[in-house]
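**Q** Need a 3D model of the following:
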Amino acid sequence: MDSLTFISSLVRSLAWPVFALILALLFRDQILQFGTFIKKLRAGPFEAELEHDLEQLRSLLPMHRTAAGGRADDDVGFLTTLAKRHPRTAILESWTQLEQAARAAVRSQQQGEPGQDHVAVARLPEPLVRAGLIDQPQVTLYHELRRLRNDVAHATAHEPTREAASAFVALATTLHTRLTP
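**A** Have a look, this model is predicted:
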């Protein structure tokens with residue numbers, strides 16, 4: 001390999017990294033401003049997106065409480081502990097409990113109506129709104145929690161943080177409390 005071929009090969013292999021570095025230096029202020037929106041970015045955009053979405057969902061519930069109200073303290077304590085040890089499992093379990101509570105509330109409201117035994121998960125809020133158990137912001141919360149649960153369930157390469165799991169559990173518990181007497 002002669003010196004010109006070596007230099008050509010070196011320039012070709014360094015072109016994109018040098019270009020990316022120049023762009024990063026030119027736009028460092030904008031990049032730093034964008035960084036304030038992301039709390040953690042460990043293995044990709046999944047964690048940052050999950051935590052950002054959970055913060056937005058908290059704003060939907062002005063009555064958000066850390067206590068469970070009508071729920072058994074053992075259930076909430078279990079989910080909180082689970083969130084610290086196994087974040088993914090805590091999210092999946094709290095969603096399962098929320099879905100079961102929604103189904104039980106729908107069954108209790110639709111007693112005697114034929115053909116209403118099974119309602120799709122995505123359509124569960126509709127009869128709950130008709131019954132006056134939840135309102136539109138809580139319907140949005142339900143759908144967003146379902147979407148986040150699906151993200152966690154299907155993105156096995158990324159582990160949600162403990163903080164994200166705790167926030168999810170708290171939001172799911174708040175909505176669960178609205179559905180149970």
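**Q** what's the following helix or strand after the one helix or strand Tyr142 maps to?
**A** Tyr142 belongs to helix 136-154 when elements are defined using DSSP states H and E. Going down the chain from helix 136-154, the next helix or strand is helix 162-179, by DSSP H and E.
**Q** Buried residues, that next one. List them.
**A** Using 16 or more other CB atoms under 10 Å as the test for burial, helix 162-179 gives 163-179. To be clear about C-beta, it is placed using only N, CA and C from the backbone, and glycine gets the same treatment.
**Q** Check stretch 147-166 too.
**A** 148-149, 151-152, 155, 158-161, 163-166.
**Q** cool, stretch 122-137 as well?
**A** Result for stretch 122-137 [16+ other CB under 10 Å]: buried residues Leu124, Pro125, Pro127, Leu128, Leu133, Ile134.
**Q** So which of those residues belong to helices?
**A** Under the assignment DSSP state H, the buried residues of stretch 122-137 contribute Pro125, Pro127, Leu128 to helices.
**Q** about what we covered before: remind me what the helix holding Tyr142 packs against, helices and strands.
**A** On a contact count with 3 or more CB pairs under 8 Å, 6 or more residues apart in numbering; DSSP states H and E, helix 136-154 meets helix 45-58, helix 87-109, helix 125-130, helix 162-179.
**Q** Might you calculate how far the last one sits from the centre of the chain?
**A** Looking back up the chat, that one is helix 162-179. Mean-position distance between helix 162-179 and its chain equals 10 Å (CA atoms, centre = their mean, to the nearest Å).
**Q** That helix relative to helix 87-109, how many degrees between them?
**A** Here the directions of helix 162-179 and helix 87-109 differ by 10 degrees (axes from the mean of the first three to the mean of the last three CA atoms, to 10 degrees).
**Q** What sits closest to Pro87 if chain neighbours are left out?
**A** In this structure, Pro87 finds its nearest non-sequential neighbour in Ala165, 3.4 Å apart by CB to CB, 6 or more residues apart in numbering.
**Q** and what of Ala172?
**A** Leaving out its chain neighbours, the residue that sits closest to Ala172 by CB to CB, 6+ apart is Ser94, at 4.1 Å.
**Q** List the residues that contact that neighbour.
**A** When contacts are counted by CB atoms under 8 Å, 6 or more residues apart in numbering, Ser94 touches Leu79, Phe168, Val169, Ala172, Thr173, His176.
**Q** Specify which member of the residues you listed is nearest to Trp16.
**A** Nearest to Trp16 among the contacts of Ser94 is Phe168, at 38.3 Å by CB to CB.
**Q** I'd assumed Leu92 was in contact with the closest one.
**A** No - using CB atoms under 8 Å, Phe168 is not in contact with Leu92, being 9.7 Å away.
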